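In: Provide a 3D model corresponding to the input given below.
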Amino acid sequence: VANEGGKHWTVNEVRALIHIWSDKNIQQQLEGTVRNKRIFEQVAARLQKFGIDRDWKQCRTKYKNLKHEYKSVKSAQDSGSTSKSMKFFNELDAILGHCTMEQASKSDNDEIERPPEWTEAKSEKDSIG
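Out: Below is the predicted model of the structure:
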């Protein structure tokens, strides 16, 4: 089923998307935010360098779909089922596998969720006043 972007993602396009997504800088930006259009505009621009023409919405949709599929395969595996699998599971596991449990345990503590620049800016104001 083609998503809102029309044409299907090829294996190479998905590989390129995952490659960009595996960049620590991109991961950190995605972790702390819900309004992520700007980040996916960067991702789309980087795909363009590989000759892949996708807009930020297509990148975000594909990212969400991959993440969702990964989580459902992962939870099936955790419950002992091996029937579920997906094409890029190992690549995604390298990106998402290390942070999913960690994030779940951290999420009740707001401090960790905030980007570091927020806390730095706040402490500077405190020292001025």
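In: wait, Lys37 sits on Trp56?
Out: Yes - if you go by Cβ atoms under 8 Å, Lys37 and Trp56 touch, sitting 5.9 Å apart. C-beta coordinates here come from the backbone N, C-alpha and C atoms, glycine included.
In: Among these two, which residue is more densely surrounded?
Out: Neighbour count, other Cβ atoms under 10 Å: between Lys37 and Trp56, Trp56 has more, with 18 against 10.
In: Correct me if wrong: the more buried one contacts Val43.
Out: Yes - counting by Cβ under 8 Å, Trp56 touches Val43, with 7.1 Å between them.
In: List the buried residues of the helix or strand hosting Arg15.
Out: Secondary structure here is read from DSSP states H and E; on that basis Arg15 sits in helix 11-21. Using 16 or more other Cβ atoms under 10 Å as the burial criterion, the residues of helix 11-21 that qualify are 13-14, 16-18, 20-21.
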